[in-house]
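Asks: coords below, sequence missing:
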DNA sequence: GATCAACTCGCGATATATCGTGTTTATGGA
DNA sequence: TCCATAAACACGATATATCGCGAGTTGATC
């Protein structure tokens, strides 16, 4: 589904550059990478450990056990490899930053969030059914109210997503002025006031 | 920060009940729990494995290695314990469903999402600064535009969160009528139309 | 009966390792 | 030179285990 953040061979080089600063263990590398990219990209263990094994196999790093941890350090051969490809390193960081931003955008659009509470409801309904419970949708008035709340939530979510898309494409086309943002803010405040009036 | 999903001692009992159905290994238990609660609650490994160790220590389950896996099975003593507390089990499922829903609400409010792209930008700015790059905030017009987009996103997020809170507490107090939801929907559509008019 | 110290528990964070899938790159023969 | 196919790679999923914090429970002592 989602494309890799690091292009072919780039993670290898980047990990090597991190080990050039100081020896680290696997988990520390994951954290270091996460920190470098603002917490938006966190390589999984399944990405880091095979890379470290390979680097060791190639003789570019050494492995040393330290209690629960396994510390990896760069070798001279590793430093040589790094030096010979130093020019690539700068470009890699920019590429990763870009692809991470794209990734964050997709996540943020997040239809998946709305799905969550629905799934929880389904699971609970299924459980109730398996036991002998009524589970009829018109049993308590609270249930209808909850349904209304969920409806409202979906509406709010859809609205937010649409506005996001609208504003993003506008920004890409011709820039987005602060005035529009201010107007949006004001109108949203007005909607909230209107709804609050209508309540109770 | 967030309260535990399972109350004191409840996870222990629930795990035991899952093992009463069939023997499983640790990871399988995590998946089974996740499935039961619609994917909204996934106990971490740090929750499951200590529990399994304790249960084994108490003689309520047995451990058996099977290649990469470690299969746990319930013992007679385990079944006895389970039988003597069967009445508690039903209540536990309901409690968990409730607390999971509350948890999902907090996550869905998600200010954290908006923070992510901000952190990515900060990280990239920091990196640019460390090299010799300009990185002045008025270099490209796209940067200001992006800032405006993010501002708008934050405003949208805040609005959604506030409305959610408003509507939820109203629903709890005196129920939420479909009329209000309809009104909200209409007003949101109006806001979108207004903003679209103002663009380009 | 109150209280407070010791213990238990749920849980995220820390730590490591392998497997399977889908891509990308390299290579070697036609 | 082209292209098939093997090798390398990034990555999520699978799998296990420990540590330390904070909150809850229990029992002992006053």
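Replies: Nice, I can see it. Fair warning: this is a prediction, and the values are worked out from it, not measured in the lab.
Asks: for whichever residue of chain A sits closest to DNA strand D, what is the enclosing helix or strand?
Replies: Nearest to DNA strand D, among the residues of chain A, is residue A:46, at 2.0 Å (CB to the nearest atom of the strand). Where C-beta positions appear, they are placed from N, C-alpha and C, glycine not excepted. Per DSSP states H and E, residue A:46 falls inside helix A:45-57.
Asks: quick one: list the elements packing against that helix.
Replies: Based on contacts counted as 3 or more CB pairs under 8 Å, 6 or more residues apart in numbering or on different chains; DSSP states H and E, the elements that helix A:45-57 packs against are helix A:10-21, helix A:26-36, strand A:61-66, strand A:69-74.
Asks: next, the angle strand A:61-66 makes with it.
Replies: Angle between the axes of helix A:45-57 and strand A:61-66 is 110 degrees (criterion: axes from the mean of the first three to the mean of the last three CA atoms, to 10 degrees).
Asks: list the buried residues for helix A:45-57?
Replies: Neighbour-count burial for helix A:45-57, counted by 16 or more other CB atoms under 10 Å in any protein chain shown, picks out A:47-48, A:51-52, A:55.
Asks: wait, doesn't residue A:13 sit right on residue A:86?
Replies: No. In this structure residue A:13 lies outside contact range of residue A:86 using CB atoms under 8 Å: 9.5 Å.
Asks: more neighbours: which of the two?
Replies: residue A:13 (16 against 10; other CB atoms under 10 Å in any protein chain shown).
Asks: ok, now which ones touch the more buried one?
Replies: When contacts are counted by CB atoms under 8 Å, 6 or more residues apart in numbering or on different chains, residue A:13 is found next to A:82, A:85, A:88-89, A:92.
Asks: need the residues of chain A near DNA strand C, please.
Replies: If contacts are counted using CB under 7 Å from any atom of the strand, the residues of chain A sitting beside DNA strand C are A:3, A:7-9, A:25-28, A:31, A:44-46, A:49-50, A:52-53, A:68-70.
Asks: what's the weakest-modelled helix or strand in chain A?
Replies: The least trusted helix or strand in chain A, going by mean pLDDT, DSSP states H and E, turns out to be helix A:112-130, with a mean of 58.
Asks: how does chain A divide up, domain by domain?
Replies: A:10-108, A:110-174 (automatic domain parsing).
Asks: hey, least reliable of the ones you listed by pLDDT?
Replies: Among the domains of chain A, domain A:110-174 carries the lowest mean pLDDT, a mean of 62.
Asks: so residue A:32 is in contact with residue A:18, correct?
Replies: Yes. Counting by CB under 8 Å, residue A:18 is a contact partner of residue A:32 at 5.5 Å.
Asks: overlap of the contact sets of the two?
Replies: Counting by CB under 8 Å, 6+ apart, the residues touching both residue A:32 and residue A:18 are residue A:24.
Asks: report the beta-bridge partner residues of the closest residue in space to residue A:19 that isn't next to it in sequence.
Replies: Closest residue in space to residue A:19, ignoring its immediate chain neighbours: residue A:74 at 4.3 Å, by CB to CB, 6 or more residues apart in numbering or on different chains. Residues found in beta-bridge contact with residue A:74 (criterion: DSSP bridges) are residue A:61.
Asks: residue A:74 reaches residue A:58, doesn't it?
Replies: No. Residue A:74 is beyond contact range of residue A:58, at 11.8 Å (criterion: CB under 8 Å).
Asks: what about those two, which has more around it?
Replies: Neighbour count, other CB under 10 Å: between residue A:74 and residue A:58, residue A:74 has more, with 22 against 13.
Asks: how far away is that one from residue A:98?
Replies: Distance of residue A:74 to residue A:98, computed by CB to CB, to the nearest Å: 27 Å.
Asks: related to what we said a few turns ago, of the contacts of residue A:13, buried ones?
Replies: If you count burial by 16+ other CB under 10 Å, the buried members of the contacts of residue A:13 come out as A:82, A:92.
Asks: can you lay out the contacts of residue A:13 as a markdown table showing distance to residue B:196?
Replies: Listed next are those as a markdown table, based on distance: CB to CB, whole Å:
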| residue | distance to residue B:196 |
| --- | --- |
| A:82 | 52 |
| A:85 | 49 |
| A:88 | 44 |
| A:89 | 44 |
| A:92 | 40 |
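Asks: out of the contacts of residue A:13, which sit inside helices?
Replies: Under the assignment DSSP state H, the contacts of residue A:13 contribute A:82, A:88-89, A:92 to helices.
Asks: not counting the helix holding residue A:46 itself, show me its contacts.
Replies: A:11-12, A:15-16, A:26-27, A:29-30, A:61-63, A:72, A:78.
Asks: out of those, grab the one that's most surrounded.
Replies: Neighbour counts for those were taken using other CB under 10 Å; the highest belongs to residue A:15, which has 27 neighbours.
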